[in-house]
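**Q** the amino acid sequence is not available; the structure is as follows:
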Ligand SMILES: Nc1ncnc2c1ncn2[C@@H]1O[C@H](COP(=O)(O)OP(=O)(O)OP(=O)(O)O)[C@@H](O)[C@H]1O
């Protein structure tokens with residue numbers, strides 16, 4: 001479970017995230033939507049420890065992680081699938097997976113288990129990062145995050161640039177992970193992407209959470225959230 005309160009973060013003394021508070025229960029998928037520059041990636045980076053918050057608490061299963069170094073946060077069970085996938089062009093799929101698993105004893109997620117979940121990768125083990133399609137790169141980024149044995153998975157625009165069918169497969173995998181008890185925070189620019197997967201949808205605008213609604217209600221009537229997003233877009 002993820003609990004954030006009073007989170008302020010930014011760059012070089014300037015504040016991007018203002019007093020963000022959010023709770024995500026275990027096994028739930030929380031989407032964060034917002035226009036370009038709203039602070040979505042900044043939020044994910046603050047949780048993952050890639051950016052040190054100015055203040056606030058970020059607890060995962062009751063351990064406060066705010067301000068801890070990224071490697072310790074990863075060890076505590078926070079996995080990140082970064083925007084743009086960040087797959088290494090010159091490493092093979094097998095090498096990526098081996099590196100991600102290095103030094104783990106009795107892992108829950110093994111290479112065999114991630115390959116069962118994403119069989120396409122099993123057929124690409126010898127391919128290098130730059131020989132993979134966008135969908136295969138996304139699966140690899142997800143596999144790599146799973147091998148870090150996360151309890152909380154952070155996904156930054158995982159379906160960006162993917163064709164419909166491939167995006168659906170990625171969403172299916174993410175839904176299965178949450179059904180297995182993983183807590184998922186997913187950042188999306190587009191509401192129609194978030195709506196297909198999330199249990200709750202929050203809107204980030206200029207670094208402030210201005211709404212946080214059950215997704216069922218948003219699916220039934222997306223107009224209020226669409227209106228918030230279009231107001232944010234015009235500002
Ligand atoms: N490394 C950085 N140094 C200084 N400012 C930054 C840095 N990274 C992001 N920002 C600024 O922080 C604000 C929020 O950026 P962020 O990338 O978190 O937005 P976002 O909602 O993820 O946008 P997008 O949907 O385009 O990815 C923007 O004004 C951006 O210019």
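**A** Everything's here; your move. The shown structure was predicted, so the numbers you read here are calculated from the model rather than taken from an experiment. Numbers count the residues shown, from 1 in each chain.

**Q** after the longest helix along the chain comes which helix or strand?
**A** When the chain is parsed with DSSP state H, its longest helix is helix 164-179. Once helix 164-179 ends, the next helix or strand along the chain (criterion: DSSP states H and E) is strand 183-188.

**Q** mean confidence for the helix or strand just after that next one?
**A** The helix or strand immediately downstream of strand 183-188 is helix 191-194, counting by DSSP H and E. Summarised as a single mean, pLDDT over helix 191-194 is 90.

**Q** and helix 191-194, how far out from the chain middle?
**A** 14 Å (C-alpha atoms, centre = their mean, to the nearest Å).

**Q** quick revisit: show me what the longest helix of the chain is in contact with.
**A** The set of residues external to helix 164-179 that reach it, using C-beta atoms under 8 Å, 6 or more residues apart in numbering, is 27-29, 117-118, 133-135, 138-139, 142, 146, 153, 155, 158-159, 162, 184, 186, 193, 196-197, 199. Bear in mind the C-beta positions are built from the backbone N, C-alpha and C, glycine included.

**Q** can you give me the buried ones in it?
**A** 166-167, 169-171, 173-174, 177-178 (16 or more other C-beta atoms under 10 Å).

**Q** can you name the residues of this protein that neighbour the ligand?
**A** 11, 16, 34, 36-42, 189 (C-beta under 6 Å from any ligand atom).

**Q** repeat the analysis, applying 8 Å as the threshold.
**A** Selection of the chain residues close to the ligand by C-beta under 8 Å from any ligand atom yields 10-12, 14, 16, 34-45, 51, 83, 156-157, 187, 189, 204, 207.
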